[in-house]
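[1] Curious how this folds, go ahead:
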Amino acid sequence: MTTAVARPYRSFAESSGGSAEFAGLWRLLRLYLRRDRIVAPLWVLLLSLPLGNVYIKSIDKVYSGPAALASFAHTVNTSPAQLAMYGPIYAINLGACGVWKAGMFHTLLAVATILTVIRHTRAEEETGREELLASTRVGRLANLTAALLLACGGALLAGLIGAASIAGAGVPGNGALAFGLAEAGSGIVFAAVAAVAAQLSAGARTARGYAFAVLAVTYTLRAVGDARAADGPASPLVWLSPQGWSLQVRPYAGDRWWVLLLHVAATIVLIAVAYALLRRRDLGAGLIAERLGAPAAGPRLAGPFGLAWRLQRGTLVVWVIALALYGLLIGGVVHGIGGELGNSRTANDLIARLGGSRALEDAFLNIAFTMVGLGAAAYSISAALRLHSEESADRAESVLTGAVGRIRWVASHLVYAFAGPALALLISGVLAGLLYGAAVGDVGGKLPGVVAAALVQLPAVWFFTGATVALFGLAPRYAPVAWGVFTAGLAFYLLGSISGMPQWVLDLDPYSHLPKLPAESFTATPVVVLVLLAAALTAVGLIGFRRRDLG
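    The predicted structure follows:
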């Protein structure tokens, strides 16, 4: 039987002219829309609906009047850490200040479009489904084009809904549309980046790594450029980043529509490159040849735990570094967070109700590390789902035909799913605590509380891990639904308090039950309950895997 790598990427379209290269496009798009009928609406709505209610209205409640907004903007624009995380505030008005932190959505939408494109292109080839489609009356470019239409259409829809959400919060519509199109532009550019990455590697995981590496580099360029320009002109570095372009549209500070042409130009060039590369490669192969391994396995690969380390180490290192950097940003901005509220009467009343500036900083730490905990949960789910991908690719069967038991094989991967988040949260908490303590001159007093605020997120993280293992053991076909469970928890956390949801619905979010460290005292009961739930779900998954057939 001819392998997918050896088979040239040929279809009936090659003998039928250029127009036939897109044959079957609309049917493929309908198929992808059906497959993403739950996931796509979730990321579109989560990255658009909170913009008005969460950001604009919260700024409007805290800062009353131009003087308070001016004080807030000055504090932000003179803080390199804040500039690196979110970028500058370009004007003293409710709209510009309100969408400041929402600039993070430019990067989040890029993540969503990267995952969407890779899922429907390189992942389809890796599983062999694309080879079946290519043998029918489907054009050579139809699959990639359908994936791009889905991702880019979702990004544009998210931008337009976000613009409507912002305008509905009581600010002018022109600036809202500028922000929405800037957000969509970032997502569309990185959909094109993912299209190029999908042509380079034969594996979906590696292709995602290439695309996320570009995203990380461009985000770093934007962050460094904005941080270097504290209270001064923009650095040229921001013009090397699509996220920087989106911020330079400057909604409510001039609405520079022409900057959006950079997104359009970059997208056109990248898609053209992706099409050219697709025509040059074979089906199932990547243009970058995979490096040959050693002729014989080393002693570290002698057992399942060594193999799991080889498969998991790259992802673990990336997530640990990413969450560690976020911990550094938290530690850099937490001291003096009350200064961002200005000296208005409303701000002073808010600080007094919260218990003073120290209590405000503690509350900020709790919220910030909840976000770190959500990131750790995303890594944990990814690590646990490696079991599913190994089984789906028939590699698990090769391992289990030897002297390796099922539970031992599963445990070799669950070590990283459970211990990996703990390591990432610990390092993130230590770095944040050291930086925060150095800023206030009390490392010994601040470090334990900050580390505790990080590590207390683990029970909620492990709950999502246990749910993933349970799905893998009981219903392997639906194991990726673990991402839907995570997305639902994220939605409850972000939207629950502002959407009037019933309390029993809000209680489904595991993070809502954790002690609010360091602002509150530690309560063991919810921590123990979540750990027991995670253990029970994991046990159910292990029992189910032992009793079911592979595949």
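
[2] So the nearest residue to residue 49 once chain neighbours are set aside versus residue 53, what's the distance?
    Excluding the flanking residues, the one nearest residue 49 by C-beta to C-beta, 6 or more residues apart in numbering is residue 165, at 5.6 Å. All C-beta spots, glycine's among them, are computed from the backbone N, C-alpha and C. Using C-beta to C-beta, to the nearest Å, residue 165 is found at 7 Å from residue 53.

[3] neighbour count winner among the two?
    Just comparing residue 165 and residue 53: by other C-beta atoms under 10 Å the higher neighbour count belongs to residue 165, 22 against 17.

[4] Surely the more buried one is in contact with residue 47?
    No - Residue 165 is beyond contact range of residue 47, at 10.6 Å (criterion: C-beta atoms under 8 Å).

[5] how about the host helix or strand of residue 192: buried residues?
    Of the helices and strands defined by DSSP states H and E, residue 192 is found in helix 173-200. Residues of helix 173-200 classed as buried by neighbour count (16 or more other C-beta atoms under 10 Å): 175-200.

[6] Just to check, residue 142 is in contact with residue 20?
    No - in this structure, residue 142 is not within contact of residue 20 by C-beta under 8 Å, at 9.5 Å.

[7] Quick check, residue 305 in contact with residue 410.
    No - Residue 305 is beyond contact range of residue 410, at 11.5 Å (criterion: C-beta under 8 Å).

[8] Between these two, which has more neighbouring residues?
    Remark: of residue 305 and residue 410, residue 410 carries more neighbours, 23 against 17, as counted by other C-beta under 10 Å.

[9] Just list what the helix or strand hosting the more buried one packs against, helices and strands only.
    Using DSSP H and E, residue 410 falls within helix 406-440. Helix 406-440 sits against helix 304-333, helix 357-384, helix 386-392, helix 395-400, helix 443-455, helix 458-474, helix 524-547, with contacts defined as 3 or more C-beta pairs under 8 Å, 6 or more residues apart in numbering; DSSP states H and E.

[10] can you tell which of the ones you listed is closest to residue 425?
    Nearest of the helices and strands packed on helix 406-440 to residue 425, taken as C-beta to C-beta: helix 443-455 at 4.5 Å.

[11] Is residue 286 in a helix, a strand, or coil?
    Assigned with DSSP: H, G, I helix; E, B strand; the rest coil, residue 286 falls in the coil class.

[12] residues near it, how many?
    By other C-beta under 10 Å, 22 other residues sit near residue 286.

[13] Then residue 417?
    Burial of residue 417 is recorded as 27 neighbouring residues (other C-beta under 10 Å).

[14] likewise residue 44?
    For residue 44, the count of nearby residues is 22 (other C-beta under 10 Å).

[15] re the thing from before, average pLDDT for the helix holding residue 192?
    For helix 173-200, mean pLDDT is 94.

[16] what helices or strands is that helix leaning on?
    Counting contacts by 3+ C-beta pairs under 8 Å, 6+ apart, helix 173-200 is packed against helix 94-98, helix 104-120, helix 142-167, helix 204-228, helix 242-248, helix 260-280.

[17] got the angle for that helix vs helix 142-167?
    Here the directions of helix 173-200 and helix 142-167 differ by 160 degrees (axes from the mean of the first three to the mean of the last three C-alpha atoms, to 10 degrees).

[18] Okay, now the unreliable bits of the chain?
    Applying pLDDT under 70 to the chain picks out residues 1-18, 81, 229-234, 284, 289-294, 296-298, 300, 336-359, 494-502, 505.

[19] if you set the cut-off to 50 instead, what comes out?
    In the predicted model of the chain, residues 1-17, 347, 350-351, 353-356, 499 satisfy pLDDT under 50.

[20] that older thread, could you dump the helices and strands packed on helix 406-440 to TSV with distance to residue 213?
    TSV is the format used below for the helices and strands packed on helix 406-440 (distance: least, C-beta to C-beta, whole Å):
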stretch	distance to residue 213
helix 304-333	9
helix 357-384	16
helix 386-392	20
helix 395-400	25
helix 443-455	26
helix 458-474	25
helix 524-547	32
